[in-house]
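Enquirer: What follows is a predicted protein model with its sequence.
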Amino acid sequence: MSAPDTAPATGGPARPGGGASAAAGRRPSGAAADLRLLRSELALVLSRRRNVVMLVVLALLTALVGVGVDLATGDADPGTGGGPPFLASLTQNGLFLAFASLTASLPVFLPLVVSVVAGESVAGEASSGTLRYLLVTPVDRTRLLVTKFVATVLYAAVAALAIAVTGVLVGLVLFPVGDVVLLSGTTASYGEGLLRLAAVTAYATAMLTTVAALGLLVSTLTEVPVAAMSATAIVVVLVQIMGQVPQLSFLHPWLFTDGWLRFADLLRDPLALGGVGDGLLLQAGWVVVLLGAAWARMTSKDVTS
Amino acid sequence: MTAAAGAPAAPRPGARGDVAATDLDDPDAAGALAVATRGLTKRFRGGQVAVAELDLEVPRGAVYGFLGPNGSGKTTTIRMLIGLVAPTSGQVRLLGEPVPEARARVLPRVGALVEGPAFHPYLSGAANLRRADAADRTVDPRTARRRIGDALERVGLTAAADKRFRVYSLGMKQRLGLAAALLRPRDLLVLDEPTNGLDPQGTREVRALVRELAADGTTVMVSTHLLTEVEQLCSHVGVMSAGHLVAQGTLVDVTAGTTTRVVVEARDAVGAARVLRAEGVGAVTSAGEEARGELSPGGPDPERLLIALVGAGVGVRQLRLERATLEDLFVDLTGEAADVRA
Ligand SMILES: Nc1ncnc2c1ncn2[C@@H]1O[C@H](COP(=O)(O)OP(=O)(O)OP(=O)(O)O)[C@@H](O)[C@H]1O
Ligand SMILES: [Mg+2]
């Protein structure tokens, strides 16, 4: 982001227009101005009904899983069945509804909603023509890109939180509450369980950050938002498929989806953070590469829409 | 215009070209110009030269009419002026500062309407202005509400402020675009076809608005196809044709270069035509009871013509001068054909 432009735009020859800069009043500090734009950006994202509906759908899906498991386990013992990880533990502790739903949503649903918001970010402004007006305001192109990125990551965090919070609440209603039996077999208090859920939610958000960066890059390449959204989602799915192909195993450690489900480590005692750390590092690497490419594109492109 | 029209008309003498161009690196000289470009050229990918070697000069305080047929490069030029499109070559100075280098410093003082208004369809007019204002890091957020209210008032949109942009009519959209450009006082307004889609009242309001702004000292550069509008409003004009600037200067200077038609109504039109020719009037024709000719600048005085006609006893009833309208000049400069340049 460019250095805050705090020097008054006066000086030079007398300007007949006079007060253009004087009437701007007291200039806010750079950070306050950045926050103002970010707030406006978040308001814009949440003003799209579609974006809110997606959050509601994620919450509803979570609730549905809870109700489904509750109905299905009325008579049978689920502890020995297959199904997604954590689901088996669900009947012992409601908190596992949040873990199970996050695990189930991370490969497809969450990346999908993040793709929609990230794909829309720049391409949406380009297609409606508002991009040119933002740039003549002027908004520095780097600053705009960073704002869009941060807003998308915050949306991803809200999406992951929607699942976690719904999971906790529905779990409280439908299933027993109490000490949590961790994956390593030891027991933790419900409070510690909540803390670990917060960590898992944060990890999921970190994984989605790569999707946000990818979506932003694609979004700078086109003026058609739908194309950017679907291209992003398709890439995420393709990368996961590549992760399943044994012949490509030499690539697997480098795929950005590689560490996505490693948050199971956050549910062991003692915490085994090596895998999680590697996962975060890999994401950071991808985010830097993808954002760098988006920046190169954004700062060089002609805005003719 | 056909492809052959790629060669520009020669610059109109006195209007441009024979005067030494202002040196952009001389801060005083460049500072007197609100917009100055040197050799500004844009070649799009695919090789098309949309704008070629443009030397624009818009003096401070001027109302500058930027004219040209469809596809002549006006919008592309405006995009380069405000840093949306990178020039292939050439320099731009806005309010004395180089663009795009000093963009962050100079653009807050410039309001622009480029190729129509553009807003978020699902936000109301007022919410769109709030969004536009939030993007400007040089304004005081505490005055935002007042400034937005004032801007809406100024363009007559207060009643529709809370309607979603999606359902605005064409003219309402155009007005909102102007409101966004007026969210804060500006030193320069660059308006690309601001009256497009406006009703007659709206057109008059825009004209009044531009006059008012200009009276406050704001320089206005306005691209439009309404030539009568230009004649009423502009102090200066620049005419584009096929990517080249073919005339530029004050409205008076640019139109002064045109020939004036002299029309004589007389009993003996043939005799009158003979007198006109003898007095040095060009392109004389006669038909029925009317003789016509062209008076080039510096040609014979109309007063002398009248005396000569009366003296020749051709039964002159009326002598009339028809000044070339801006439209005549425009067609003269940019060609008759209606086809756009490929
Ligand atoms: N992004 C682009 N890529 C290629 N060519 C372009 C691009 N943008 C504009 N052009 C071309 O540049 C030329 C000038 O276009 P421009 O929009 O500047 O014309 P204009 O004078 O504004 O016309 P109008 O009066 O119709 O608005 C046209 O031939 C157009 O096709
Ligand atoms: Mg145009």
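Expert: Structure's in. What do you need? Ligands and ions are numbered 1, 2, ... in the order given.
Enquirer: for chain A, what helix or strand is lowest in average pLDDT?
Expert: strand A:180-181 (a mean of 84; mean pLDDT, DSSP states H and E).
Enquirer: Contacts for that strand, please.
Expert: Outside strand A:180-181, the residues that touch it by Cβ atoms under 8 Å, 6 or more residues apart in numbering or on different chains are A:89, A:92-93, A:95-96, A:187-190, A:192-193, A:196. All C-beta spots, glycine's among them, are computed from the backbone N, C-alpha and C.
Enquirer: let's go with 7 Å and repeat that
Expert: Strand A:180-181 has contacts (Cβ atoms under 7 Å, 6 or more residues apart in numbering or on different chains) with A:89, A:92-93, A:95, A:187-188, A:190, A:193.
Enquirer: what does stretch A:212-229 give?
Expert: Contacts of stretch A:212-229 (Cβ under 7 Å, 6+ apart): A:114-116, A:118-124, A:126-127, A:145, A:148-149, A:152-153, A:156, A:231-232, A:235, A:286-287, A:290-291, A:293-294, A:297-298, A:301, A:305.
Enquirer: Which of these fall in helices?
Expert: Per DSSP state H, helices hold the following members of the contacts of stretch A:212-229: A:114-116, A:118-124, A:126-127, A:145, A:148-149, A:152-153, A:156, A:231-232, A:235, A:286-287, A:290-291, A:293-294, A:297-298.
Enquirer: and the residue positioned nearest the centre of chain B, what element?
Expert: Nearest residue to the geometric centre of chain B (Cα atoms, centre = their mean): B:Gly65, 1.8 Å. Element membership for B:Gly65, per DSSP states H and E: strand B:63-67.
Enquirer: what about the residue in the stretch 201-342 of chain B that chain A sits nearest to, which helix or strand?
Expert: In the stretch 201-342 of chain B, the residue that lies nearest chain A is B:Gly217 (3.6 Å; Cβ to the nearest Cβ). Assessed by DSSP H and E, B:Gly217 sits outside every helix and strand.
Enquirer: any idea how far it lies from B:Gly65?
Expert: 18 Å (Cβ to Cβ, to the nearest Å).
Enquirer: Hmm, A:Leu154 is touching A:Glu41, no?
Expert: No: contact criterion Cβ atoms under 7 Å: A:Leu154 and A:Glu41 do not qualify, at 9.1 Å.
Enquirer: What residues of the top helix by length along chain B count as buried?
Expert: Using DSSP H, we find that the single longest helix of chain B is helix B:200-215. Residues of helix B:200-215 classed as buried: B:202-203, B:205-207, B:209-210, B:213-214 (neighbour count, 16 or more other Cβ atoms under 10 Å in any protein chain shown).
Enquirer: Need the pLDDT of A:Val56.
Expert: A:Val56 carries a pLDDT value of 97.
Enquirer: Give me the neighbour count for it.
Expert: 11 (other Cβ atoms under 10 Å in any protein chain shown).
Enquirer: and it, that's in a helix?
Expert: Yes: counting by DSSP: H, G, I helix; E, B strand; the rest coil, A:Val56 is part of a helix.
Enquirer: closest point of the stretch 51-200 of chain A to chain B, which residue?
Expert: For the stretch 51-200 of chain A, Cβ to the nearest Cβ, closest residue to chain B: A:Gly129, 2.8 Å.
Enquirer: and that residue, what does it touch?
Expert: Counted by Cβ under 7 Å, 6+ apart, A:Gly129 has contacts A:305, B:118.
Enquirer: any idea how far A:Leu255 lies from A:Thr210?
Expert: A:Leu255 is 10 Å from A:Thr210, by Cβ to Cβ.
Enquirer: Could you check which of those two is surrounded by more residues?
Expert: Neighbours per residue, other Cβ under 10 Å: of A:Leu255 and A:Thr210, the larger number sits with A:Thr210, 25 against 16.
Enquirer: and that one, what element?
Expert: With DSSP H and E as criterion, A:Thr210 is part of helix A:190-221.
Enquirer: Quick check: mean pLDDT of that helix?
Expert: According to the model, helix A:190-221 has a mean pLDDT of 95.
Enquirer: Repeat that for stretch A:132-150.
Expert: 95.
Enquirer: Point out where chain B drops to low pLDDT.
Expert: Within chain B, the ranges that satisfy pLDDT under 70 run B:1-30, B:257, B:338, B:340-342.
Enquirer: So it: which segments form each domain?
Expert: B:56-251, B:260-323 (automatic domain parsing).
Enquirer: which ones are touching B:Val206?
Expert: Neighbours of B:Val206 in contact, by Cβ under 7 Å, 6+ apart: B:194-195, B:198.
Enquirer: one more time with 8 Å, if that's ok
Expert: So B:Val206 contacts B:178, B:194-195, B:198 (Cβ under 8 Å, 6+ apart).
Enquirer: Out of these, which are close to chain A?
Expert: Applying Cβ under 8 Å from any Cβ of the partner chain, the subset of the contacts of B:Val206 adjacent to chain A is empty.
Enquirer: Most neighbours among those residues, please name it.
Expert: B:Pro194 (28 neighbours).
Enquirer: and the helix or strand that A:Leu71 is a member of, which residues are buried?
Expert: Counting by DSSP H and E, the element that carries A:Leu71 is helix A:49-72. Neighbour-count burial for helix A:49-72 flags A:51, A:54-55, A:58-59, A:61-63, A:65-66, A:69-70 (criterion: 16+ other Cβ under 10 Å).
Enquirer: Check stretch B:253-272 too.
Expert: B:253-262, B:264-266, B:268-269, B:271-272.
Enquirer: same check, this time on stretch B:170-180
Expert: So for stretch B:170-180, counting by 16+ other Cβ under 10 Å, buried means B:171-180.
Enquirer: Also stretch B:81-94?
Expert: B:81-85, B:87, B:90, B:92-94.
Enquirer: In strands only, show me those.
Expert: B:90, B:92-94 (DSSP state E).
Enquirer: quick one: which two of those residues are the most distant?
Expert: Using Cβ to Cβ, these span at most 13.7 Å, a distance reached by B:Gly90 and B:Leu94.
Enquirer: Please list which of the buried residues of helix A:49-72 are also close to ligand 1.
Expert: When Cβ under 6 Å from any ligand atom is applied, no member of the buried residues of helix A:49-72 is adjacent to ligand 1.
Enquirer: between those residues, which is closest to ligand 1?
Expert: A:Asn51 (30.3 Å; Cβ to the nearest ligand atom).
Enquirer: which non-adjacent residue is nearest that closest one?
Expert: A:Val45 (5.6 Å; Cβ to Cβ, 6 or more residues apart in numbering or on different chains).
Enquirer: Show me which residues of the helix or strand harbouring that neighbour are buried.
Expert: Using DSSP H and E, A:Val45 maps to helix A:30-47. Neighbour counts using 16+ other Cβ under 10 Å place A:30, A:33-34, A:36-38, A:40-42, A:44-45 of helix A:30-47 among the buried residues.
Enquirer: Export the residues you listed to a markdown table and append columns for distance to ligand 1.
Expert: Converted to a markdown table, the buried residues of helix A:30-47 look like this (distance: Cβ to the nearest ligand atom, whole Å):
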| residue | distance to ligand 1 |
| --- | --- |
| A:Gly30 | 33 |
| A:Ala33 | 31 |
| A:Asp34 | 31 |
| A:Arg36 | 32 |
| A:Leu37 | 27 |
| A:Leu38 | 31 |
| A:Ser40 | 28 |
| A:Glu41 | 27 |
| A:Leu42 | 32 |
| A:Leu44 | 26 |
| A:Val45 | 29 |
